[in-house]
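1. Pasting the sequence and the predicted model now:
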Amino acid sequence: MAAREQLPSRLGSALDELRATLDRAAELAKQLTAGSTPGGDLDSRLADVEADRDELSTKLAEYEHQVQRLMNLYVATYQLHATLDPGEVQATIAEIAINLLGAERFVLLFWKTDNAGDGRSGECEIALAQGMEDDKSGTWQNGVYSGGDPAVDATLADGVLRIGPIGGSDALACVPLAVQGATVGALVILKLFDHKEMLRAEDRDLLDLIAAHAASALFAARVYSNTDRKLKTLESLVALVRRQ
Amino acid sequence: MKTKKVLVVDDSKLLHRMFEMMLRGFPLVHAFDGREALDRLAEHKDVEIILLDINMPRMNGLEFLTAVKAHPEFARIPVVIITTEGTEDDTERGMQAGAAAYVKKPFRNEELLGVIDKLTASPAA
């Protein structure tokens, strides 16, 4: 090769660039070779990524589960308090039991008050019965529950939520219905749909919600309904008096 | 991605509210019985899937399904029966009448979304 100073200046600079490029290429090749040798490192990184993916997937399933649980609670609460019509509140309780809990047979009980209205009469009115057409137990007849099921009697007495199976009882769940701390009745779930084997952990939240909200929603609706009826009667009377 | 319009036919207000929460992002059309659902279909011809309860007043789910499948314009729309246990005969009749699938109550979000995705996926996908 000719001495550098003998070459035209442009060619000399091109050769310098070429040498620099070759040096850089050799350096990069060395780095690449060095980087690809520890195959074990790549494997372990892949394993890490897969573990992260599995963990994220598990967490996603948990979050979806939580979202469903919260959604059920939100929708149930929303619907319970969305109306002041006692019939609609009762229908909502039934819809929660059927559609969210998967209950096939259940009864909604309320303590009957005695004639003076200042105490319990000792028996409960069956305000709502679902799937009880062929019931032969004799416990839930003629729209009245007079006692006899130990779990239901206990819940009506102490206001504690019971989830079965409970010895001597037909009930799978006895949900107390409370208004301002006083137990005014109970929702008794007697059978679930066949495709739902048992009450799950998230169902407990719904049962708690029913215990806390169903009776107060129904109570508020009944009070409103009575007040509205009285108001209308009074308005009619006032109108009648004015006409005379 | 194009959103799919869903017609929900159920006499339960609770379930309508539930579908609103579950199917966020899907335009929903609501009807509370079969007769009202036919009116809604006539107004919303771009409905792509129908979620149908069986026991409803005025016109029940099976009567509605039969009417939809006999209609030249609506027969193509897939119908999913939302059913409770104890109505197996009705579900069977529904499937024979042309329902595309059924889901048992109580159902999970992912179960229903999976059925909707499957039924509304484009053939090319």
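-> On my side now, so go ahead. Note that the structure is predicted; figures quoted are calculated from it, not measured.

2. Quick one: neighbours of A:K191, just the number.
-> 19 (other C-beta atoms under 10 Å in any protein chain shown). Glycine gets a C-beta too; all of them are placed from N, C-alpha and C.

3. Would you tell me which helix is longest in chain B?
-> For chain B, the longest helix by residue count, based on DSSP state H, is helix B:109-120.

4. Just the buried residues of that one, please?
-> Going by neighbour count (16 or more other C-beta atoms under 10 Å in any protein chain shown), the buried part of helix B:109-120 is B:N109, B:L112, B:V115, B:I116, B:L119, B:T120.

5. Near chain A, list only the ones from those.
-> B:N109 (C-beta under 8 Å from any C-beta of the partner chain).

6. Which strands or helices does the strand or helix carrying A:A51 pack on?
-> Using DSSP states H and E, A:A51 sits within helix A:39-80. With contacts taken as 3 or more C-beta pairs under 8 Å, 6 or more residues apart in numbering or on different chains; DSSP states H and E, helix A:39-80 sits against helix A:86-95, helix A:201-209, helix B:13-22, helix B:109-120.

7. does any bit of the shortest one sit next to chain B?
-> Same thing as helix A:201-209. No - Helix A:201-209 does not reach chain B (C-beta under 8 Å from any C-beta); its nearest approach is 9.1 Å.

8. Show me which residues of that helix are buried.
-> A:E202, A:D203, A:L206, A:L207, A:L209.

9. hang on, the earlier thing: what average pLDDT does the helix holding A:A51 get?
-> Helix A:39-80 comes out with an average pLDDT of 86.

10. quick one: it to helix B:109-120, angle?
-> The directions of helix A:39-80 and helix B:109-120 differ by 100 degrees, with axes from the mean of the first three to the mean of the last three C-alpha atoms, to 10 degrees as the criterion.

11. Tell me what angle helix A:39-80 forms with helix B:13-22.
-> 150 degrees.

12. Taking the centroid of chain B, which residue is nearest it?
-> Residue closest to the average C-alpha location in chain B (C-alpha atoms, centre = their mean): B:L51, at 1.6 Å.

13. cool, chain A as well?
-> Closest to where the C-alpha atoms of chain A average out (C-alpha atoms, centre = their mean) is A:R69, at 2.6 Å.

14. Now the longest helix of chain B - C-alpha only, PDB.
-> Included here for helix B:109-120 are C-alpha records, laid out as PDB according to Å, rounded to 0.1, in the frame of the first residue of the first chain:
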ATOM      1  CA  ASN B 109     -69.600 -10.900  33.400                       C
ATOM      2  CA  GLU B 110     -67.000 -12.800  31.500                       C
ATOM      3  CA  GLU B 111     -69.400 -15.600  30.700                       C
ATOM      4  CA  LEU B 112     -71.900 -13.300  29.100                       C
ATOM      5  CA  LEU B 113     -69.200 -11.200  27.300                       C
ATOM      6  CA  GLY B 114     -67.700 -14.400  26.000                       C
ATOM      7  CA  VAL B 115     -71.000 -15.400  24.400                       C
ATOM      8  CA  ILE B 116     -71.600 -12.000  22.900                       C
ATOM      9  CA  ASP B 117     -68.100 -11.900  21.500                       C
ATOM     10  CA  LYS B 118     -68.400 -15.300  20.000                       C
ATOM     11  CA  LEU B 119     -71.800 -14.600  18.400                       C
ATOM     12  CA  THR B 120     -70.900 -11.200  17.000                       C
END
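
15. what about the residue nearest to the centre of chain A, distance to A:V75?
-> 11 Å (C-beta to C-beta, to the nearest Å).

16. interface residues of chain A facing chain B?
-> Applying C-beta under 8 Å from any C-beta, we find that chain A lies next to chain B at A:64, A:67-68, A:71-72, A:74-76, A:78-79, A:82, A:92, A:95-96, A:98-102, A:104, A:131, A:193-196.

17. buried sites along the helix or strand of chain B with the lowest mean pLDDT?
-> Using mean pLDDT, DSSP states H and E, the weakest-scoring helix or strand in chain B turns out to be helix B:88-96, at a mean of 80. Of all the residues in helix B:88-96, those buried under the rule 16+ other C-beta under 10 Å are B:D90, B:T91, B:R93, B:G94.
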